[in-house]
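Student: Sharing a sequence plus its predicted fold:
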Amino acid sequence: MTATVTVGEFSRMTYLSVKTLHHYHEIGLLAPASVDPSSGYRRYGTDQVGVALLIRRLRDLRMPIADVRALVSSTDQAQREETLRAHLDRMERELQVTRDVVTSLRSLLTATPEPLHVDYRYIPPFRAYGVRGRVEREQIGPWCVESFGRLNELAAVHDIRATSGATYSDDFFTEDEGEVIAFLPVAPSQEPADGFELVDLPGGFFAIAVHAGAMADFDRTYGALGSHVAEHCSVAPGPIRELYVVAPGDTPDEASYRTEVCWPIQQLPTDSPVAKG
């Protein structure tokens with residue numbers, strides 16, 4: 001037997017505030033069983049308690065409203081399970097990011113920084129297949145996954161064996177959004193490929209440091225290398241480059257990742273081994 005109750009009673013039953021229930025009604029997520037046309041008072045059915053509790057659990061898991069609506073309204077069990085699985089997978093990834101950040105924070109607070117090894121190198125100009133985009137910093141992870149996935153497929157088709165990389169414009173750092181070019185070096189005579197640019201990257205001098213491991217403390221390598229360049233070199237205009245010597249596509253072990261961070265400089269320092277040679 002189903003009974004109807006006031007919004008206040010329904011709030012106590014479901015641990016959802018009256019304000020939240022009103023909001024869910026307005027956005028079409030959980031409509032009351034009836035609304036008094038003269039007073040506007042809402043009444044809910046006791047048969048809606050289970051749905052309300054489900055919505056509350058899903059929102060406790062920070063599932064987006066659109067996904068909650070799709071899951072609650074669907075009668076397709078397989079579709080409901082897929083929506084939930086996809087969200088739980090996202091939460092697992094977020095949890096791993098949180099763990100990585102906590103590990104990095106503890107290291108930052110307690111560990112003595114290891115001396116940074118900096119190499120100086122002249123990188124000649126070269127041609128590359130490129131994927132160009134104006135990317136928000138918060139979206140750089142998904143953008144790189146998609147872009148380098150495409151480049152890796154292209155490399156397999158053309159049997160290209162080269163270290164991929166990316167360039168990051170100044171405003172990517174200063175404005176949290178800027179041009180990023182993911183690139184895969186190719187021969188100067190390489191033919192165009194649909195969906196990709198042929199990019200000619202200029203040569204130049206670079207101060208280079210290797211970041212080992214996961215990306216959670218990538219900023220520490222940037223901070224140390226940028227400080228070194230400011231103290232010992234003359235900064236050159238142009239984007240910073242990253243070369244992915246050992247990338248996520250090469251191994252599932254994050255500790256094995258190796259990224260060369262290439263900071264543009266005007267010329268090699270006179271006391272560097274390369275310059276002396």
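Tutor: Received it, and whenever you're ready, just let me know what you need.

Student: Give me the distance between residue 141 and residue 115.
Tutor: 29 Å (CB to CB, to the nearest Å). Heads up, the C-betas are built off the backbone N, CA and C, glycines and all.

Student: the more surrounded of these two?
Tutor: residue 141 (13 against 7; other CB atoms under 10 Å).

Student: mind checking the backbone torsions on that one?
Tutor: Dihedral angles of residue 141 (phi, psi; degrees, to the nearest 10) stand at phi -60, psi -60.

Student: ok, now how distant is it from residue 89?
Tutor: Residue 141 is 15 Å from residue 89, by CB to CB.

Student: cool, residue 72 as well?
Tutor: 20 Å.

Student: Neighbour count: these two, which is higher?
Tutor: Neighbour count, other CB under 10 Å: between residue 72 and residue 89, residue 72 has more, with 16 against 10.

Student: if I read this right, the more buried one contacts residue 56, doesn't it?
Tutor: No: in this structure, residue 72 is not within contact of residue 56 by CB atoms under 8 Å, at 11.3 Å.

Student: where in this protein is pLDDT low?
Tutor: Residue ranges of the chain with pLDDT under 70: 104, 107-108, 111-113, 216, 269-277.

Student: Show me where it has its strands.
Tutor: 4-6, 34-35, 42-45, 119-123, 126-136, 165-168, 177-186, 197-201, 204-212, 240-246, 258-265 (DSSP state E).

Student: So in the chain, which helix runs the longest?
Tutor: Taking DSSP state H as the criterion, the chain has its longest helix at helix 77-110.

Student: and that one, what other elements does it pack with?
Tutor: helix 65-73 (3 or more CB pairs under 8 Å, 6 or more residues apart in numbering; DSSP states H and E).

Student: buried set for stretch 132-149?
Tutor: 135, 140, 143-144, 147-148 (16 or more other CB atoms under 10 Å).

Student: Mind checking which of those residues land in helices?
Tutor: 140, 143-144, 147-148.

Student: what's near enough to touch the residue nearest to residue 172 when sequence neighbours are not counted?
Tutor: Nearest residue to residue 172, sequence neighbours excluded (CB to CB, 6 or more residues apart in numbering): residue 178, at 3.1 Å. Going by CB atoms under 8 Å, 6 or more residues apart in numbering, residue 178 touches 134-135, 168-172.

Student: make it 7 Å
Tutor: 134, 168-172 (CB atoms under 7 Å, 6 or more residues apart in numbering).

Student: just residue 23 next, same as before
Tutor: Residue 23 neighbours (CB under 7 Å, 6+ apart): none.

Student: Residue 30 versus that one, what's the distance?
Tutor: From residue 23 to residue 30 the distance is 9 Å (CB to CB).

Student: next one: residue 195
Tutor: For residue 195, the distance to residue 30 - CB to CB - is 44 Å.
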